[in-house]
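Visitor: Okay, here's the prediction I keep looking at, along with the sequence it came from:
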Amino acid sequence: MKLKHGLGAALATAIGGVLLSSSTFAQDLKIEGAPVPGGIGLQPAATELAEDIHFLHNDLLMWIITPITIFVMGLLLYCIIRFREKANPVPSKNTHNTLLEVLWTVIPALILVGIAVFSFPILYRQLEIPTPELTIRAIGHQWYWSYEYPDNGNFTFDANLIEKADIKPGQNYLLDTDNPVVLPVDTNIRIQITASDVIHSWTVPAFGVKHDAVPGKVNESWFNIKKPGIYYGQCSELCGVKHAYMPIAIHAVSKDAFQAWVSEAQTKFAKVDGTPPATSVAAAQ
């Protein structure tokens with residue numbers, strides 16, 4: 001009986017390994033964060049940081065900038081009609097109005113102070129990283145990203161754009177990569193961002209994260225993904241001729257599925273003598 005159970009467990013492990021390789025960790029992930037044709041506004045928030053940004057943009061700034069825009073447009077139209085040459089053959093020679101100058105200085109200053117009251121705490125929260133449960137590193141190259149998982153065996157891999165001719169059903173050209181970043185949900189994830197050549201920018205709109213990858217410097221950010229799914233981003237810094245061809249694809253999965261993926265990735269992407277395997281064309285060249 002023990003042998004039978006042992007064979008059954010081994011078979012289940014083998015089948016599980018096949019599933020991990022052939023279908024994204026045996027989970028049917030939905031696209032949760034991606035641009036859509038004709039889309040207006042921000043992508044749905046997948047983290048608390050993104051929710052804070054949405055609040056600042058939608059519930060505060062839009063209610064401030066809309067009246068300002070209407071007021072300025074109305075003022076321009078009034079000036080065009082009221083002070084046109086036909087209505088004022090002899091133009092006024094007034095150059096100063098103390099009350100008006102004080103108002104248009106003080107009122108905008110008060111508006112900016114009000115915005116700062118809400119925006120500074122959000123900025124602080126983006127940079128004040130809570131105790132991380134997982135750390136990953138993103139390194140920008142011309143023109144692809146590579147990733148390291150120092151907390152899970154320090155394996156690394158490259159994530160290259162899937163060429164248009166190689167796109168499979170369900171994949172998105174200019175968004176999907178040959179090796180997606182796999183991360184667990186409900187986890188405080190710290191990401192360390194740098195670059196090997198020029199300045200890049202690691203940006204995932206649904207996470208509310210956008211940080212420059214600067215050669216010789218490490219920038220840090222964090223996020224906690226609320227919902228499993230596929231999320232996309234792109235390099236948001238003009239980094240060269242193929243700037244538009246270095247996407248970011250993230251598969252957010254359950255903690256159990258993440259651990260299963262890590263077990264496979266530790267072998268698949270293991271470093272040999274300190275050198276990562278050639279997991280992509282760029283790495284092999």
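Guide: Structure's in. What do you need? Numbering: from 1, shown residues only.
Visitor: contacts, neighbours, all on C-alpha from now
Guide: Will do.
Visitor: Which stretches in the protein count as strands?
Guide: 31-33, 134-141, 144-149, 155-159, 181-184, 189-195, 200-204, 209-213, 219-223, 229-235, 247-253 (DSSP state E).
Visitor: how about these, which one is nearest Leu49?
Guide: Closest to Leu49 of these, according to C-alpha to C-alpha: strand 219-223, at 7.0 Å.
Visitor: ok, back up a step: can you say which of the strands of the chain is nearest to Val72?
Guide: strand 209-213 (31.8 Å).
Visitor: Need the mean per-residue confidence for that closest one.
Guide: Averaged across strand 209-213, the pLDDT comes to 96.
Visitor: Same question for stretch 189-201.
Guide: Mean predicted confidence for stretch 189-201 is 97.
Visitor: now stretch 193-213: how far from the chain's centre is it?
Guide: 8 Å (C-alpha atoms, centre = their mean, to the nearest Å).
Visitor: neighbouring contacts of that stretch?
Guide: Counting contacts by C-alpha atoms under 8 Å, 6 or more residues apart in numbering, the residues outside stretch 193-213 that touch it are 33-34, 42-47, 49-51, 53, 137-142, 214-223, 225, 231-239, 248.
Visitor: wouldn't Ala138 be in contact with Tyr144 here?
Guide: No - applying C-alpha atoms under 8 Å as the test, Ala138 and Tyr144 come out as separate, 10.3 Å apart.
Visitor: Pick out the residue closest to the middle of the protein.
Guide: Val204 (1.0 Å; C-alpha atoms, centre = their mean).
Visitor: Can you tell me how far that one is from Gly233?
Guide: From Val204 across to Gly233, the span is 4 Å (C-alpha to C-alpha, to the nearest Å).
Visitor: Can you work out which residues contact both of these two?
Guide: Here Val204 and Gly233 have Ile248 as joint contacts, going by C-alpha under 8 Å, 6+ apart.
Visitor: packing partners for the lengthiest helix in the chain?
Guide: When the chain is parsed with DSSP state H, its longest helix is helix 98-127. Of the remaining helices and strands, those touching helix 98-127 by 3 or more C-alpha pairs under 8 Å, 6 or more residues apart in numbering; DSSP states H and E are helix 48-54, strand 219-223.
Visitor: Ile111 is nearest to which of the ones you listed?
Guide: Closest of these to Ile111 is helix 48-54, at 18.2 Å (criterion: C-alpha to C-alpha).
Visitor: That closest one - what's its average pLDDT?
Guide: Model confidence over helix 48-54, given as mean pLDDT, is 95.
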